[in-house]
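>>> here are the coordinates; sequence isn't available:
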């Protein structure tokens with residue numbers, strides 16, 4: 001155990017989304033304010049599709065690619081980009097002790113099997129026997145295993161050789177918050193020197209859209225920036241992969257690696273969402289952050305769903321800092337959204353400036369000053385709240 005808290009650097013990021021692959025396309029996309037979305041193929045729902053990628057670049061074996069569902073491929077690909085960014089790719093000694101913390105959903109459905117079972121049930125005389133037979137025969141062992149959330153960690157271990165400790169969190173936005181919080185806490189406490197943290201999501205799935213439509217959470221009919229979606233609200237699901245390499249400062253310096261930014265605080269909470277609960281949760285976490293506010297902006301993970309988004313907006317408006325909602329640019333990816341936004345915050349402080357507003361409501365005010373600190377917010381569409389502080393290393 002460390003005698004005191006240790007400094008945590010962000011030394012690598014790996015990003016894929018509708019904006020493209022890697023740091024430069026994402027920074028360019030944020031500055032251009034030209035959101036990429038699909039309002040046709042899954043109408044009436046709006047989806048942010050993944051930009052084209054060449055899987056061979058990070059997953060060279062076709063056999064490995066075939067064993068993965070799309071969301072696993074996205075995550076494994078983004079993890080490879082992060083390892084490249086941190087100068088860790090192929091370093092067996094380093095990868096052998098690198099911790100891995102994943103935020104993941106529960107896998108994907110096989111539409112053909114689902115359709116066969118549902119259609120057959122309508123005609124079956126003995127519905128219980130029919131269901132049992134088809135679940136046993138149609139769900140092959142490999143298909144069944146592919147539904148497990150911890151297979152992303154396994155795929156990353158196989159493809160990239162990351163074989164330190166491994167943890168996988170499930171639970172939508174809160175999973176991403178906890179993945180980052182645990183990695184940060186372990187490094188600060190001296191229990192880890194370097195960790196790969198992140199997740200992925202494939203939003204181009206009818207079953208997933210159906211699931212969130214049952215709750216009334218989806219953005220419908222036409223795209224609108226996050227802050228312009230009230231009173232009805234709704235989020236546009238995003239296909240994306242986002243990974244961070246978090247590293248103790250001294251460990252990074254011994255490797256000769258330059259940081260993108262410093263991760264200075266991570267806070268998480270869980271409220272029952274009564275009126276005022278979001279404000280109370282964010283206030284507690286905000287007060288726990290270091291108080292120096294010079295050159296500070298907010299990168300909001302607001303989903304667009306109501307009433308959570310309006311409640312977060314009211315909280316942020318009272319703080320008087322410039323705000324940007326990343327969901328306008330690349331949609332909402334649930335589990336990997338928090339790691340994605342921390343990575344985007346690292347890009348912003350590394351460039352020393354905030355990207356322009358992309359909001360017709362007027363809430364996102366212009367900001368031309370120097371940028372040294374970014375507070376990243378995450379208010380889950382249903383439950384779970386978190387904050388992170390990302391600072392420049394000058």
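That came in fine, so what should we check first? In this text the structure is predicted, and so the values were computed from the model without any measurement. Numbering: from 1, shown residues only.
>>> C-alpha from now on. contacts and neighbour counts both.
OK.
>>> Which residue is most remote from the mean position of this protein?
If you look at how far each residue of the chain sits from its centre, by CA atoms, centre = their mean, the farthest one is residue 125, at 45.5 Å.
>>> what residue ranges in the stretch 1-150 of the chain score low on pLDDT?
Along the stretch 1-150 of the chain, segments meeting pLDDT under 70 span 1-4, 109, 139-147.
>>> Quick one: the helices in it, in order.
Ranges of helices in the stretch 1-150 of the chain, per DSSP state H, counting those that start in this stretch, are 23-32, 62-67, 70-85, 92-95, 111-123, 127-138, 141-145.
>>> Tell me if I'm right that residue 230 and residue 306 touch.
Yes - contact criterion CA atoms under 8 Å: residue 230 and residue 306 qualify, at 6.9 Å.
>>> okay, those two: which has more neighbours?
For residue 230 versus residue 306, neighbours defined as other CA atoms under 10 Å are more numerous around residue 306 (21 against 15).
>>> pretty sure the more buried one is touching residue 235, no?
No - counting by CA under 8 Å, residue 306 stays clear of residue 235, with 9.3 Å between them.
>>> re earlier: among the helices of the stretch 1-150 of the chain, which is the most enclosed?
Greatest average neighbour count among the helices of the stretch 1-150 of the chain goes to helix 70-85 (a mean of 26), per mean count of other CA atoms under 10 Å.
>>> Now do it: everything it contacts.
Contacts to helix 70-85, defined as CA atoms under 8 Å, 6 or more residues apart in numbering, come from residues 11-16, 22, 55, 58-59, 65, 89, 107, 151-152, 155-156, 159-160, 196, 198-202, 240-245.
>>> For ChimeraX, what selects the buried ones among those?
Of those, the buried ones go into a single ChimeraX selection, burial set by 16 or more other CA atoms under 10 Å:
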select :11,12,13,14,15,16,22,58,59,65,89,107,151,152,155,156,159,160,196,198,199,200,201,202,240,241,242,243,244,245
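>>> Please flag which of the contacts of helix 70-85 sit within strands.
11-16, 196, 198-201, 240-245 (DSSP state E).
>>> And for the spatially closest residue to residue 240 that is not a sequence neighbour, the neighbour number?
Of all residues beyond its chain neighbours, the one nearest residue 240 is residue 17 (4.4 Å), with distances taken as CA to CA, 6 or more residues apart in numbering. Per other CA under 10 Å, the neighbour tally for residue 17 reads 30.
>>> do the same with residue 292
8.
>>> Distance-wise, check the residue farthest from the centre of the chain relative to residue 206.
Using CA to CA, to the nearest Å, residue 125 is found at 29 Å from residue 206.
>>> returning to what we had before: got a list of what the residue nearest to residue 240 touches?
Contacts of residue 17 by CA under 8 Å, 6+ apart are 49, 50, 51, 238, 239, 240, 241, 330.
>>> Who wins on neighbours among those residues?
Highest neighbour count within the contacts of residue 17: residue 240, with 33 neighbours (other CA under 10 Å).
>>> got the contact list for that one?
15, 16, 17, 18, 50, 74, 200, 201, 202, 333, 336.
>>> Now do the contacts for the fourth one.
With contacts defined as CA under 8 Å, 6+ apart, residue 18 is in contact with 36, 37, 48, 49, 50, 51, 238, 239, 240, 330.
>>> Identify the residue nearest the second one in space, chain neighbours excluded?
Same thing as residue 37. Computed as CA to CA, 6+ apart, the closest residue to residue 37 that is not its neighbour in sequence is residue 48, at 4.4 Å.
>>> thought the one you found was touching residue 330?
Yes - with contact defined as CA under 8 Å, residue 48 reaches residue 330; the gap is 6.3 Å.
>>> can you list residues touching both of these two?
Common neighbours of residue 48 and residue 330, counting by CA under 8 Å, 6+ apart, are 18, 36, 238.
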